[in-house]
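> prediction below, plus the sequence it came from.
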Amino acid sequence: MKHILIALALIALCLPLLAQKADDITGEWYNATKITKLQIYKTAAGSYAGKIIWLKDPKDANGKPKLDEKNPDKKLRDRGLMNLVILTGLDYKNKNNYEGGRIYDPQSGNTYKCKAELVGENSLKLRGYIGVSLIGRTEIWTRAK
């Protein structure tokens, strides 16, 4: 009985460490071209999401804030790109891997499945794909300091 209590106590002590590891993805990240900065955060549901918090060129040719003009839903084309949530549903799986997410590309108006892997403390390998992950594109995002 004493061994079971000790094991349960050790598990209880380790759970916060596992959560901290999962939360390592949170923070501010530059996309591969460094023209967009995103904030990745944990949602109330426990998955991870990301929104645009900075654009190198936030205004269009007319000096107005850039809009989501390529969105396939015409009703959403008037929304601004700033604070637009483009990453949703990313779940921590193991070690440094996250899966099950969706990522929206405002430049094309397309949404893709995605997965991510933390590669060191300051690099995030994010793969957007259609169907299976073999058909897609990988980008390396860099943690903003």
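That came through fine.

> all contacts plus neighbour counts: C-alpha atoms, from now on.
Fine.

> and the helix or strand hosting Lys37, what does it pack against?
Secondary structure assignment for Lys37, by DSSP states H and E: strand 36-42. Under the contact definition 3 or more C-alpha pairs under 8 Å, 6 or more residues apart in numbering; DSSP states H and E, strand 36-42 sits against strand 27-30, strand 48-55.

> just send those strands back as CSV, with mean neighbour count too.
Compiled in CSV, these are given as follows (neighbours: other C-alpha atoms under 10 Å):
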stretch, mean neighbour count
strand 27-30, 21
strand 48-55, 20
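
> in a markdown table, list those along with distance to Asn96 and mean pLDDT.
Listed next are these as a markdown table, based on distance: least, C-alpha to C-alpha, whole Å; pLDDT from 0 to 100:
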| stretch | distance to Asn96 | mean pLDDT |
| --- | --- | --- |
| strand 27-30 | 15 | 98 |
| strand 48-55 | 13 | 98 |
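
> turn the ones you listed into JSON lines, columns for distance to Tyr104.
Formatted as JSON lines, the helices and strands packed on strand 36-42 follow (distance: least, C-alpha to C-alpha, whole Å):
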{"stretch": "strand 27-30", "distance to Tyr104": "16"}
{"stretch": "strand 48-55", "distance to Tyr104": "10"}
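
> mind checking how far the strand holding Lys37 is from the chain centre?
Strand 36-42 sits 6 Å away from the centroid of its parent chain (C-alpha atoms, centre = their mean, to the nearest Å).

> which other residues reach it?
Outside strand 36-42, the residues that touch it by C-alpha atoms under 8 Å, 6 or more residues apart in numbering are 23, 25-31, 48-56, 144.

> at 6 Å what do you get?
For strand 36-42, the external contacting residues (C-alpha atoms under 6 Å, 6 or more residues apart in numbering) are 26-30, 48-55.

> strands along this protein, start to end?
Per DSSP state E, the chain carries strands over the ranges 27-30, 36-42, 48-55, 85-94, 97-105, 110-118, 123-129, 136-143.

> great, nothing more from me.
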